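S.K.: A predicted structure for the sequence below; I have some questions about it.
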Amino acid sequence: MRQPLAKIAREALGCGTTGATANTCHGAGPVVADVWTENGLGFVLLVHRRDDGHFAEELFYSLHDPSEGAGTADWADCDHLSGGLLGVDPQDPQARAEILAGRDMAIVTESESLVHTRRLPEDDGDELVRTVQLLIAPGATALEVENLTRHTRHCRPVQFPLALIVLLPGDRLRVRAVTTTEAGHETVSDHIELLHPSGPALGGGDPGPFLTGAG
């Protein structure tokens, strides 16, 4: 029996890694395509093959207690935010090339969900969070994500052809595909700029120790 997707997402947050080791889209189980964590917020993108043979994506969300450690037990049970057909096998080289059409990144899907971010008083309700899924060219080994609103920058390793980008209200992100070299990171593409203007921007500071790819 397939392991419940929400449980897989929670375990992925606990270990902070992407790319399921034994399971693949072509096998019996789902793949943890990407994990995005920031200031106690956790988002997990799963990709799986449905019973009808089509590929689908599922997005989950959880909250972490910053006073505790980084284990799975310290993440709340994951809530399902969105999901649907991808319409393409993200690991198929030909399909990937057709969608990218010579580019190094392409937006595949995007959605908005009401999420309790802890940035507002509890009585003020949730915030509308925007999530974007990018298809990444084979030559890229990481994504450089610059938050132009909160003045932060980090590099996230690419371990699966689909990457997850999360924008809180007020965020303006500049994303570049890069490749790892002996000298560090070398840009391999023009940037994509993503905006989420809903609501005022709040001071963010450092993205936090649980940010995927942060050392």
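M.R.: Okay, I see it. As the structure is a computational prediction, the values presented were derived from the model and not from experiment.
S.K.: show me what counts as buried in the lengthiest helix in the chain.
M.R.: Counting by DSSP state H, the longest helix found in the chain is helix 5-15. By neighbour count on 16 or more other CB atoms under 10 Å, the buried set for helix 5-15 is 5-6, 8-14. Every C-beta, even on glycine, is put in place using the N, C-alpha and C of the backbone.
S.K.: so what's the residue at minimal distance from the centre of the chain bridging to?
M.R.: The chain has Leu164 as the residue nearest its centroid, 2.5 Å off, counting by CA atoms, centre = their mean. Beta-bridge partners recorded for Leu164 (DSSP bridges): Gln133.
S.K.: find me the pLDDT at it, would you?
M.R.: Looking at Leu164, its pLDDT reads 96.
S.K.: what's the first helix or strand after the helix or strand of the chain with the lowest mean pLDDT?
M.R.: Averaged element by element with mean pLDDT, DSSP states H and E, the chain has its least confident helix or strand at strand 184-187 (a mean of 66). Once strand 184-187 ends, the next helix or strand along the chain (criterion: DSSP states H and E) is strand 192-195.
S.K.: got the contact list for the nearest residue to Ala163 once chain neighbours are set aside?
M.R.: Setting aside the residues directly before and after it, Ala163 is nearest to Leu134 in space (CB to CB, 6 or more residues apart in numbering), at 4.7 Å. Residues near Leu134 by CB atoms under 8 Å, 6 or more residues apart in numbering: 105-108, 143, 162-163, 165, 175, 192.
S.K.: any chance of JSON lines for those, columns neighbour count and distance to Asn39?
M.R.: Below are those laid out as JSON lines (neighbours: other CB atoms under 10 Å; distance: CB to CB, whole Å):
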{"residue": "Met105", "neighbour count": "21", "distance to Asn39": "25"}
{"residue": "Ala106", "neighbour count": "15", "distance to Asn39": "28"}
{"residue": "Ile107", "neighbour count": "13", "distance to Asn39": "25"}
{"residue": "Val108", "neighbour count": "18", "distance to Asn39": "26"}
{"residue": "Leu143", "neighbour count": "26", "distance to Asn39": "19"}
{"residue": "Leu162", "neighbour count": "21", "distance to Asn39": "23"}
{"residue": "Ala163", "neighbour count": "28", "distance to Asn39": "20"}
{"residue": "Ile165", "neighbour count": "23", "distance to Asn39": "16"}
{"residue": "Val175", "neighbour count": "19", "distance to Asn39": "19"}
{"residue": "Ile192", "neighbour count": "19", "distance to Asn39": "23"}
